[in-house]
Every structure is written in C-alpha cells, then in structure tokens.
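Enquirer: output the structure for:
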Amino acid sequence: MATRRISDEPGYVLHRYDWSESSLILEVFTRHHGRIALIAKGAKRPSSSFRPVLLPLQPLRLAFGRDGEIRALKDAEWVGGQVMPVGDALLSGYYLNELLLRLLARDDPHPPLFDHYASTVQVLASEHGEALQPALRAFELLLLRDLGLLPSLDVQTLALAPLDSQEPYSLVPEAGLVQSSPDERASLPGADWIALETALRDPVPFFAVLRQVAGALNALKPQLRNLLHYHCGGAPLRTRQLMMDLQSL
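Expert: Next up, the predicted model:
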C-alpha cells in the first residue's frame, strides 16, 4: 500500500493565514511539490511545537499528507544555518514571497527555482547589504526564465536578429528584447545582454547571474519591474509599495 504521507521535504513558508482560533493555513514553497497549501492544526497554541518553527525565510523540513487541495501538516523541523533577515533584507524577502505567490501555480514543481530561492534567502540573511540588490535582480531573472516568461537575451525577440554588442536594447513586455534609442536610460548594450544570457545558461546560474547583474542594476531594475508587473496582471505588489512608502518617509 502506498504511503499517504510525504516526509523530509525541503520547504519555506511564503505566507500564513488564521484558520481558526488555534490553527493556520500556510502557503509553502517546497522543492519537489512546488507551491502547496497546508493546514497546521493547533499551531497558534502556546504549547504547539509548530509555533516557533513556521516562520518565513527559514529553511524547513516538512511532513504532510499526500492528497487534498489543502494538506495536513504532520511535522515541521527548522533546518537552521541562517538567521532571520532584518530591515531592508526582510522586506526584500517578503517581496520574493509575494512574487512566488503571484506567479507560481499550485502543485507545479520547480526544483531549480527552489534552489535559486534558497540561495537568494541566504544572501538576504548574510548581512552583506551591498549584495541585496544584485541578489534580487538575479532572482527576478531566474524566476522569469524558469517560468518561460523571459526571452532569449542574445537575439532581438521579434526579428530574431543577432545583437550588436555596442547598440542599446531594452526588455519590453509583449515585445521582448528590442533595440532602443541611445538616450533610453532603461537599456543595456548588446554585449551586456549576451553576457546575461550566458550567465543564465551556466551550470550554477544563480551565482553567475549575481556576478553579471552587479554592474547593470540601475538599467535592469525598471525593465524587470515592468515585465514582472505585466505578468502579475498589472496589480501592484503590496511589498513593493510598502518599500516605496518607507523610502519616502
């Protein structure tokens, strides 16, 4: 008889909702099962073993039921090895979680993306503030590529023409990578796009892309923001709006 329980599954809590006076519904990103919903019965009770463990941005090992739209959480263990991000890094982690909630379908596994997410969270928890923005841009690129939403970056998307290494190009929703005017600030020369495509195809793409985006942050950020906004259905991300509001105080 097949087991009705999945055990020792790597996962991260993306979001949690109150279910009753004592229980929680969790949105969880797992390595082998994708984004799933779990019910953690009694998790809000002071005596619950779940209470100190079910935190966002912390690596967990989970056991849960195999079937159902909302599966029963059986066990959760903190893997350890990293601290909780704080300040801007914490808000950035919530931003990553909101992207996954918006863009990932339930029960659709993405093991490589899970590994990229884990690497990004490690950077957020490292207290190296200078790596925060490169890590976010690297994850955005890898997320879009993993979901099939990022075109090849070494050719013009519509014309399928090779890029001129010296000419500027921009990433545009619905049109892909297109040649832009020389005075367009949100653009990169062809050589940079080609280097990004090479990094995305690297056997260890997160760190390859992380190195490559470091010199192109100002130009990449608005282009990726527009592309993600488009694929999220046009609704603003709440975490991004919160970060903007805090910066304006």
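
Enquirer: contacts only, for residue 79.
Expert: Going by CB atoms under 8 Å, 6 or more residues apart in numbering, residue 79 touches 10, 58-61. (C-beta placed from N, C-alpha, C; glycine too.)

Enquirer: tell me which of the residues you listed fall in strands.
Expert: Members of the contacts of residue 79 lying in strands (criterion: DSSP state E): 10, 60-61.

Enquirer: roughly how far does residue 64 sit from residue 236?
Expert: 32 Å (CB to CB, to the nearest Å).

Enquirer: in terms of neighbours, single out the busier of those two.
Expert: residue 64 (25 against 10; other CB atoms under 10 Å).

Enquirer: re the thing from before, what's the closest of the ones in strands among the contacts of residue 79 to residue 223?
Expert: Nearest to residue 223 among these: residue 10, at 31.7 Å, using CB to CB.

Enquirer: once you drop chain neighbours, what's closest to that closest one?
Expert: Excluding the flanking residues, the one nearest residue 10 by CB to CB, 6 or more residues apart in numbering is residue 31, at 4.4 Å.

Enquirer: need the contact list for the spatially most central residue of the chain.
Expert: Nearest to the geometric centre of the chain sits residue 96, at 4.3 Å (CA atoms, centre = their mean). The contact partners of residue 96, by CB under 8 Å, 6+ apart, come to 117, 120-121, 136, 139.

Enquirer: where's the residue nearest to residue 61 when sequence neighbours are not counted relative to residue 112, distance?
Expert: If the residues on either side of it in the chain are set aside, residue 61 comes closest to residue 77, at 4.6 Å by CB to CB, 6+ apart. Per CB to CB, residue 77 is found 24 Å from residue 112.

Enquirer: cool, and residue 11?
Expert: 16 Å.

Enquirer: if you count what's nearby, which of the two comes out ahead?
Expert: residue 11 (23 against 14).

Enquirer: from residue 5, how far off is the more buried one?
Expert: 15 Å.

Enquirer: what's the answer for residue 70, then?
Expert: 15 Å.

Enquirer: show me the helices in this protein, by range?
Expert: With DSSP state H, the ranges of helices along the chain come out as 88-103, 111-124, 132-146, 190-200, 205-213, 217-231, 238-247.

Enquirer: so which of those comes closest to residue 159?
Expert: helix 190-200 (13.1 Å).

Enquirer: what helices or strands is that closest one leaning on?
Expert: helix 132-146, strand 168-172, helix 205-213 (3 or more CB pairs under 8 Å, 6 or more residues apart in numbering; DSSP states H and E).

Enquirer: now do the contacts for residue 125.
Expert: By CB under 8 Å, 6+ apart, the neighbours of residue 125 are 57, 82-85, 89.

Enquirer: so, low pLDDT: which residues of this protein?
Expert: Across the chain, the ranges flagged by pLDDT under 70 are 1-3, 240-249.

Enquirer: can I see the domain layout of it?
Expert: Split into domains by automatic domain parsing, the chain comes to 5-78, 88-247.

Enquirer: re earlier: contacts only, for the residue nearest to residue 10.
Expert: Residues near residue 31 by CB under 8 Å, 6+ apart: 9-11, 109, 111, 114-115.
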